[in-house]
Structure formats: structure tokens, C-alpha cells
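Asks: I would like to see how this sequence folds:
(4 chains)
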Number of protein chains: 2
Amino acid sequence: MTETAVRRSHFTGEAYSARQNAVLESALALLVEGGERALTTASVARAANCSKESLYKWFGDRDGLLAAMITFQSSKVRAEPRPIGEAGLPALRAQLIGIAANLLRVLAGEVSVALNRLAIGQARRDAADLGHLVLEHGRRPIETRLSALLDAGRDAGLLSFDDTREAYRTLYGLVVRDMHVRLLLGDSLDEWSPSARAEEAIDQFLRLYGAEETTGPASKKAGAGNERTG
Amino acid sequence: MTETAVRRSHFTGEAYSARQNAVLESALALLVEGGERALTTASVARAANCSKESLYKWFGDRDGLLAAMITFQSSKVRAEPRPIGEAGLPALRAQLIGIAANLLRVLAGEVSVALNRLAIGQARRDAADLGHLVLEHGRRPIETRLSALLDAGRDAGLLSFDDTREAYRTLYGLVVRDMHVRLLLGDSLDEWSPSARAEEAIDQFLRLYGAEETTGPASKKAGAGNERTG
DNA sequence: GTGGAACCGTACGGTACGGTACGTAACATT
DNA sequence: AATGTTACGTACCGTACCGTACGGTTCCAC
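Replies: Predicted structure coming up:
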């Protein structure tokens, strides 16, 4: 019963009606506030001022509602037209920093954390429908965008790597580190600057993957991370 | 009611009896197989051939059982006496690679993944008892061990950094990347070599944080990642 | 105005689970 | 042997939730 609901809302990529969007918004707020346990059909109906019957009519199932919440949220985060930057290492660096900071802000967002917790908590050893949905709608867009940028940098002679996917993953690791899992586990990151973190990470990445001639940003010391940015 | 049980089993760090260990082992197997939903008190009692009354007598609560599972698993993973290595960059590199590979193997383990899923799924916006327990028993030991090694490397003039925690986090990011979250979300990492990944990550780390005189392992290209490791 | 469709609010059935109680068997202690 | 302890197995209770059904209301078409 789970598979059908998830698959249906996955393939029918059409957006939902305004009323349904409002219901999904209420459900997201409820999830952020109280976690999965607070996301009962009754509570969603009460919070959204709709009937349970409508919920089942629109989303088919509780799992269908969860899947709809994921796709709905990802559809909100999308957009952001890629500004095809002018060439040059500074421009590339600035674009990478921008995307990295954006990635950090998205990952640290309350709704994103709540949805990732939901998908992870629901995942089993064999099948993890919501997990795959999160990976596909949440991660893949950023990966394609970053990979395209990396390829462009390589084509321009600014970066040097063989496997784009490997380079992307290293970049991701340098930017995100263990922040995501810590957030998911409930660790609070008090005062923390995504843009500063993105800048440091991108500079480290450029030191690793920058073309030999233009070897990253001067000879900045590696351990120059400011204490207040932690 | 949750807090008391968790806190009790958290502070009384003593190990459990052999029978209780067997019960916890059964519970872990059950969790690995079917996720949190399969971890009902009745199913645990049935799988472990014990009574529900004994469960509640030993662990106080269902949450107490969950907390006990985490501490029990971490107590198993511990051990591994640190071999205080001889000095020199190759020795440091080898030790770092060993710890990194061990970290990867632990994180990718079925039980670890299941417990992290459990703690993350249970985490709420405000309080995440199990999450903190996982962070404290699972992550902190590795962090202290790695940090001590990094400090030793700096004292020996092999590494260069100001903030040990920052260096550790960068190392962690280079080693783990997004592997952990992907695993938690249900992505399957088919054929994947922890030791190879650890070696690449440590070499990248040494290129970033190695002292200037001995700048890491030769001038190995950064993009040398093998395709099949993805 | 009238019929119908969509939807809200609530109530209901069925089920599953957490937690407790009770009877009984095995084992240790004296 | 008598007795107390521990723990197993099962039965039981209360509750919470999913999914459905039903009456009432609003809105639109004609």
C-alpha cells in the first residue's frame, strides 16, 4: 500500500491546488514542531481546518501525504536561476561560495531537517521510499548544478580533476562536514555563519583541485579558521 | 517519563548482565532487520525468549531499552588500544588512514546505521535524547582519538593548524563526505573500499594541513579517484 | 430557488502497541 | 525440604491512531 501512494505522487509531478498547498504547509509546520509522532492524520486535519476525508481523498494515504510534503517542499526550494557567470577564477570562486552557502542554509533549515529526519526514521534496511524521494528531489538538483559548474571550471582550465563525481563529493564533504548529521541528531549549532564556512571550504577545495598555474587563493594558511565562526 | 529512563541508563554506566546483553543483541538484530516499527516490546520479548515484565524490570521503559541498545553497541565498538606510533610522517599518515578506515567501516555498519536512524527518527526540534547519546558515545570517542593524533602531529612539526576542532572537522568531512547521510536515507553503496577512501582522504587532508617543509605525499594529483569507488 | 458537488467536523470500527498483573517453573539459599 | 528470588509466558487494560462513514454546510450551475 505504501509503494503505490509514494510512486503515484512521485510520477505525477503536477503541483497541488492552493488548498492542498495550504494543507501541506500546515503539515510541514506540524512536523517541524513535533516530529513524526505529532503528524497524525487527525492533527493535520485539525491544524489545516480540513477533514480527514479530504486528506485521504487528496493524498490517498498517510504515506502519500508524507511523500507529498517532500515533493512540495522541494518544489518550493527550487528556482534560483543560475547566473551564468563571467569567466575567471574569482568569478568561479564566488559562484562556488554562493552555491555552497545556499546549500548550507537549505540543509540547516528547520523544514529540511524535519523532512530528513522523517525520511531517515522511516527508512528500513531493504526499502526506503521517502529516503529515495529526498535524495532525488533534494540532493540531485544541487549535485547537477555543482557538477556543471565544476565541469565549466575544468573546461576553462581553472580546475583539474578526472572524475567530476569524486570532485563534487569532496567539495560536499569540505562544505558540509558532519554538520548535517549533527543537526539531524539534535545537536544545536549556536551562532554559525554559512557564508564564512562556505568561503573556507571553497578555498580548501581550490587548494586541492585548482589547476597548478593558479593554485587557489594565494598561500592562505589552512588553519586560519576564525574561532568565532565555529 | 522519557527523560528519567534515558538519564538513568546514561549515568549508570555499568555494563549489563549476560542475559541482558543477549536481550540487547536480539533487539539490535530486530532493529536492523525491520527498523523502529519492528522493535515492539512484544517482539523483543519474543525474539529474546524473555518476558515483557523482565524487559520493563531491566530497562524501565521502552525508551530505556533504546538507550541501552545504544550504550551497549558503543561499548562493543570501543576497545582498539591506540598504538602509540613511532614518529615520522609516514607513521602518522598510516595511523590516520587506519583510524579513518575504521571510522568508515563503523559508520557503514548495519547496526550503526540502524541505531542512527532510530535516534534521528526519534529526534524532535527541542529535545533529542537518543541523538545526544549517539553523539556522545559514538562520535566523541573518535573525535578525541583523532584530535589527540592531530595534536601529536602538530607537536612533531608534521601538521600545521590553529584550531584542532576545525582541523578534525575538515578531516571528518574529507573522509566521510555525504556517505553517512546517504546510507541513512537508504542509498546503497555497492562495492566500496573503506581503506582506499581513507587513503585518498588522508592524503587530501595532508595536502591541506601538512607542514610546509614536508608537504604531504609527493605531488599526487587530486583527481586520482578511481571510478569504481563511487 | 433547486440540485449537486465539494468539503468540514465528528463519530465509529478495527487494530496495534505500551505497560501491568498473574500463575508457574527453575534455581539458589538455609 | 522449605523458602525466597528470579524470570518466563500469557492474558489483560487503556490508549492512540489509521482509515471510513455520515450529517451538515457552503458554493456553484442552471
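Asks: tell me the contacts of residue A:47?
Replies: A:26-27, A:29-30 (CB atoms under 8 Å, 6 or more residues apart in numbering or on different chains). All C-beta spots, glycine's among them, are computed from the backbone N, C-alpha and C.
Asks: Can you verify it is assigned to a strand?
Replies: No - Residue A:47: not assigned to a strand; according to DSSP: H, G, I helix; E, B strand; the rest coil it is helix.
Asks: circling back: including secondary structure and distance to chain B, could the contacts of residue A:47 go into CSV?
Replies: Shown next, in CSV, are the contacts of residue A:47 (DSSP: H, G, I helix; E, B strand; the rest coil; distance: CB to the nearest CB, whole Å):
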residue, secondary structure, distance to chain B
A:26, helix, 16
A:27, helix, 15
A:29, helix, 11
A:30, helix, 11
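Asks: Of the residues you listed, which is the nearest to residue A:126?
Replies: residue A:27 (26.7 Å; CB to CB).
Asks: Please work out which residues outside stretch A:142-151 touch it.
Replies: Contacts to stretch A:142-151, defined as CB under 8 Å, 6+ apart, come from residues A:82, A:92, A:95-96, A:99, A:103, A:159, A:161, A:164-165, A:167-168, A:171-172.
Asks: okay, among these, which ones form the most distant pair?
Replies: A:82 and A:161 (20.7 Å).
Asks: Of those two, which one has the most company?
Replies: residue A:161 (23 against 10; other CB atoms under 10 Å in any protein chain shown).
Asks: If I look at residue A:128, what pLDDT would I see?
Replies: What the model reports for residue A:128 is a pLDDT of 86.
Asks: Pull the number of nearby residues for residue A:174.
Replies: Close neighbours of residue A:174, defined as other CB under 10 Å, add up to 25.
Asks: right, and it touches residue A:203 too?
Replies: No - counting by CB atoms under 8 Å, residue A:174 sits too far from residue A:203 to count as a contact (9.4 Å).
Asks: Which strands or helices does the longest helix along chain A pack on?
Replies: Scanning chain A for the longest helix, with DSSP state H as the assignment, gives helix A:89-108. Packed against helix A:89-108 by the contact rule (3 or more CB pairs under 8 Å, 6 or more residues apart in numbering or on different chains; DSSP states H and E) you find helix A:140-155, helix A:164-176, helix A:179-184, helix A:194-209.
Asks: For chain A, give me the ranges with low pLDDT.
Replies: Under the criterion pLDDT under 70, the flagged ranges of chain A are A:1-14, A:79-85, A:213-230.
Asks: interface residues of it facing DNA strand D?
Replies: A:1, A:37, A:39-42, A:51-53, A:56, A:61-62 (CB under 7 Å from any atom of the strand).
Asks: switch the cut-off to 6 Å
Replies: Remark: the part of chain A in contact with DNA strand D comprises A:40-42, A:51-53, A:56, A:61-62, using CB under 6 Å from any atom of the strand.
Asks: Whatever helix or strand residue A:44 lives in: which residues count as buried?
Replies: Under the assignment given by DSSP states H and E, the secondary-structure element containing residue A:44 is helix A:41-48. If you call a residue buried by 16 or more other CB atoms under 10 Å in any protein chain shown, then helix A:41-48 has these buried ones: A:44-45, A:47-48.
Asks: From those, pick the one nearest residue A:115.
Replies: Distance to residue A:115 across those (CB to CB) is lowest for residue A:44, with 14.8 Å.
Asks: Now that closest one: closest residue in space that isn't a chain neighbour?
Replies: Computed as CB to CB, 6 or more residues apart in numbering or on different chains, the closest residue to residue A:44 that is not its neighbour in sequence is residue A:27, at 4.9 Å.
Asks: got the contact list for that neighbour?
Replies: Shown here is residue A:27, whose contacts under the criterion CB under 8 Å, 6+ apart are A:39, A:44, A:47-48, A:65, A:69.
Asks: And residue A:50, by the same measure?
Replies: Shown here is residue A:50, whose contacts under the criterion CB under 8 Å, 6+ apart are A:19, A:23.
Asks: Helix, strand, or coil at it?
Replies: Using three-state DSSP, the three-state assignment for residue A:50 comes out as coil.
Asks: Let me see the backbone angles for it.
Replies: phi -130, psi 170 (degrees, to the nearest 10).
Asks: what's around the closest residue to residue A:173 other than its chain neighbours, how many residues?
Replies: For residue A:173, ignoring the flanking residues on the chain, the nearest one in space by CB to CB, 6+ apart is residue B:177 at 3.5 Å. Using other CB under 10 Å, the number of residues around residue B:177 comes to 22.
Asks: Kindly report the same for residue A:37.
Replies: 12.
Asks: what does residue A:49 give?
Replies: 9.
Asks: Would you check how far apart it and DNA strand C are?
Replies: Relative to DNA strand C, residue A:49 is positioned 4 Å away (criterion: CB to the nearest atom of the strand, to the nearest Å).
Asks: Could you measure from residue A:175 over to residue A:146?
Replies: 10 Å (CB to CB, to the nearest Å).
Asks: So which of these two has more stuff around it?
Replies: Set side by side, residue A:175 and residue A:146 show unequal neighbour counts under other CB under 10 Å, the larger going to residue A:175 at 27 against 21.
Asks: mind listing what that one touches?
Replies: A:100, A:103-104, A:197-198, A:201-202, A:205, B:173.
Asks: do residue A:139 as well
Replies: Residues in contact with residue A:139, defined by CB under 8 Å, 6+ apart, are residue B:178.
Asks: still on that earlier bit, between the buried residues of helix A:41-48, which is nearest DNA strand C?
Replies: Within the buried residues of helix A:41-48, the smallest distance to DNA strand C is 5.7 Å, found for residue A:45 (CB to the nearest atom of the strand).
Asks: got the end-to-end distance for stretch A:122-139?
Replies: When the termini of stretch A:122-139 are compared using CA to CA, to the nearest Å, they are 18 Å apart.
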